[in-house]
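Visitor: sequence and predicted structure, then a few things I'm wondering about:
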Amino acid sequence: MAKQDRQAGLAPSDQAVDAEGRPERPIALALDPADLDDEIRAYFEKCMEKIGFVPNVLVAYAHDLAKLKAFAAMYNDLMLAPSGLSKLEREMIAVVVSSVNRCYYCLTAHGQAVRQLSGDPVLGELMVMNYRAARLAPRHVAMLDFAWKLTETPQAVIEADREALRAAGFSDRDLWDIAAVVGFFNMSNRVAIATDMRPNAAYHGRSRGAGSGEAAR
């Protein structure tokens, strides 16, 4: 199978096409996809089954299957595995970190996740634009203030910041999970920005209706 054919096979169903009708690359780098093994093919098929497309971040990483598997494993562990943080809380952190970094890809994709998980499209927009304008519980204000500071001025984080999280009801294991999510998305933001990663068009229109979400946990 030719490299271009494999690239087309990886393309999400909503991906833009170039002047010749070929799927545009999800990033600005000319990196050809590797031959997919059975594990990754099954993973992409599951994405198609669950959400209707393969997220462009996965397509972008598919030039190196080892890196793709490492990225997916870390993401799934941080964002989907059991934690003292709800899935919605983890997505809120992802959006606030991406807001500091102005990462177009992650703001689009994870802003949609906040809309979906909360069932509140307004909250999704607030997280993207300015979480401080949202009427959030003190727990979430403390969590997001910490995420913002750890992203913008990590060298300024001190014990008082950890104590503020404990006072808001977070355990030390929760603190670890907050820091890990913040760290992961700072890495992900920088790769996305450096490569001009473009989000799937489907993210923009999803979860816009009130009550469209699922349980936050």
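Guide: Thanks, I have it.

Visitor: restricting to C-alpha, output stretch 73-90 in CSV.
Guide: As requested, C-alpha coordinates have been extracted for stretch 73-90 and formatted as CSV (Å, rounded to 0.1, in the frame of the first residue of the first chain):
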residue,chain,number,x,y,z
ALA,A,73,-1.5,5.1,26.9
MET,A,74,-0.6,8.2,28.9
TYR,A,75,-3.7,10.1,27.7
ASN,A,76,-6.1,7.2,28.5
ASP,A,77,-4.5,6.7,31.9
LEU,A,78,-4.6,10.4,32.9
MET,A,79,-8.0,11.2,31.5
LEU,A,80,-10.1,8.0,31.6
ALA,A,81,-8.7,5.8,34.4
PRO,A,82,-10.2,5.9,38.0
SER,A,83,-9.2,9.0,39.9
GLY,A,84,-10.3,11.3,42.6
LEU,A,85,-10.9,13.8,39.8
SER,A,86,-14.0,13.4,37.7
LYS,A,87,-13.6,13.1,33.9
LEU,A,88,-15.2,16.6,33.7
GLU,A,89,-12.6,18.0,36.1
ARG,A,90,-9.8,16.6,34.1
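
Visitor: and it, average pLDDT?
Guide: pLDDT averaged over stretch 73-90 equals 97, rounded to a whole number.

Visitor: buried ones in the helix of greatest length in the chain?
Guide: What stands out as the longest helix in the chain, according to DSSP state H, is helix 172-194. By neighbour count, with 16 or more other Cβ atoms under 10 Å as the criterion, the buried positions of helix 172-194 are 174-175, 177-182, 184-186, 188-189, 191-193. In this view, the C-beta of every residue, glycine as well, is placed from N, C-alpha and C.
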